[in-house]
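[1] coords please:
(2 chains)
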Amino acid sequence: MRVSLSKALQQRIFEQMEATYPNEGGGFLLGQVEGDLVTIVDIIQVENVFAVEEQHHRYAMTPQDWIRLEDEADERGFSLVGYYHSHPDSPAIPSEYDREHALPNFVYIITSVMMARADDMRAWLLRPDRGAFDGALLRLS
Amino acid sequence: MAKVRIPTPLRAFTEGAANIDVAGATVGEALVNLVEQHPELRDHLFNDDELRSFVNVFIGDEDIRFLQGLDTEIAADESLRIIPSIAGGRR
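    Residues are numbered from 1 along each chain as shown, chains lettered A, B, ... in the order given. Now for the predicted structure:
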């Protein structure tokens, strides 16, 4: 699977993640899927609703966020193709917690933020058997 | 029949369909009917016979966990919606 993301959208993600540091931040990825190519056309920042004292290592959205943004994506002719979040002072590699809460056919973009600077971004996909993530090729344009 | 709206990532397991007609008098029966029609959904919705913790089922604006859970009775023309809780974290 390949994931296409513009450098402008990557920069918006980096700026959001640096602003939320030392806490985690995140949002949805809107786009379209054609064969094995996922093209991200927009990002939608979503507030972290996890308990404030846990936000340094946890990120969550509400089900109402999902309803609102899935409907908005449908109206715009796109799909929710994934979500992004940060790992402050940790690598851009999915955790066991990420895997337990993941869905297949959904792109997971993780940004590593080290000492308040976003320095790595990687894309992942959950295997259909839920056993592990596989890395996806992130193509910046 | 009641309808279940499928979240975008799971539509790969329903041949792309966003809404599936299901039979059943309760939410639990409707979901069992759903996974009988589309068996690949099972592992992503259930852990044994329990809904996975990140899987929410709504009737209108109401989360069934605040009703009677899987035992919540549904009308013949009820519209259900499966909604994933998006969550992550570095460890």
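
[2] Look at residue A:11 and tell me its secondary structure.
    Put simply, residue A:11 is helix when judged by DSSP: H, G, I helix; E, B strand; the rest coil.

[3] Residue numbers of chain B in contact with chain A?
    Residues of chain B lying close to chain A (C-beta under 8 Å from any C-beta of the partner chain) are B:7-12, B:40, B:43-44, B:53-54, B:56, B:58, B:63, B:81, B:83-91. C-beta coordinates here come from the backbone N, C-alpha and C atoms, glycine included.

[4] Let me see the backbone angles for the residue nearest the centre of chain A.
    Centroid-nearest residue in chain A: residue A:84, 1.1 Å away (criterion: C-alpha atoms, centre = their mean). The phi/psi pair for residue A:84 (degrees, to the nearest 10) reads phi -130, psi 150.

[5] looking at the sheet around it, what are its partners?
    residue A:27, residue A:109 (DSSP bridges).

[6] list the contacts for it?
    A:13, A:26-29, A:43, A:108-111 (C-beta atoms under 8 Å, 6 or more residues apart in numbering or on different chains).

[7] By neighbours, which of these wins?
    Highest neighbour count within the contacts of residue A:84, by other C-beta atoms under 10 Å in any protein chain shown: residue A:29, with 28 neighbours.

[8] Identify the residues contacting stretch A:98-107?
    Contact with stretch A:98-107 is made by A:1, A:3, A:29, A:38, A:40, A:80-83, A:94, A:108, A:110, A:123-128, A:130, A:132-133, A:136, B:7-12, B:44, B:53-54, B:84-89, as judged by C-beta under 8 Å, 6+ apart.

[9] repeat that with 6 Å
    Residues outside stretch A:98-107 that contact it (C-beta atoms under 6 Å, 6 or more residues apart in numbering or on different chains) are A:3, A:29, A:38, A:81-82, A:123, A:126, A:128, B:9, B:12, B:54, B:84, B:87-88.

[10] now stretch B:49-68
    A:63, A:101, B:27, B:45, B:72, B:80-85.

[11] and the residues you listed, which two are the farthest apart?
    For these, the maximum inter-member distance is 23.8 Å, found between A:101 and B:72 (C-beta to C-beta).

[12] Compare those two and say which is more crowded by neighbours.
    Counted by other C-beta under 10 Å, residue A:101 and residue B:72 do not tie: residue A:101 has more neighbours, with 22 against 19.

[13] and residue A:116, how many neighbours?
    Residues near residue A:116, counting by other C-beta under 10 Å, number 12.

[14] which residue ranges form the helices in chain A?
    Ranges of helices in chain A, per DSSP state H, are A:7-20, A:63-75, A:96-100.

[15] Dump the ones you listed to a markdown table, plus mean pLDDT.
    Output for the helices of chain A, formatted as a markdown table (pLDDT from 0 to 100):
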| stretch | mean pLDDT |
| --- | --- |
| helix A:7-20 | 98 |
| helix A:63-75 | 91 |
| helix A:96-100 | 93 |
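
[16] isn't residue A:121 right up against residue A:113?
    No. Look at residue A:121 against residue A:113 with C-beta atoms under 6 Å: they stay out of range, at 10.1 Å.

[17] got a pLDDT number for residue B:49?
    If you check residue B:49, the pLDDT there is 85.
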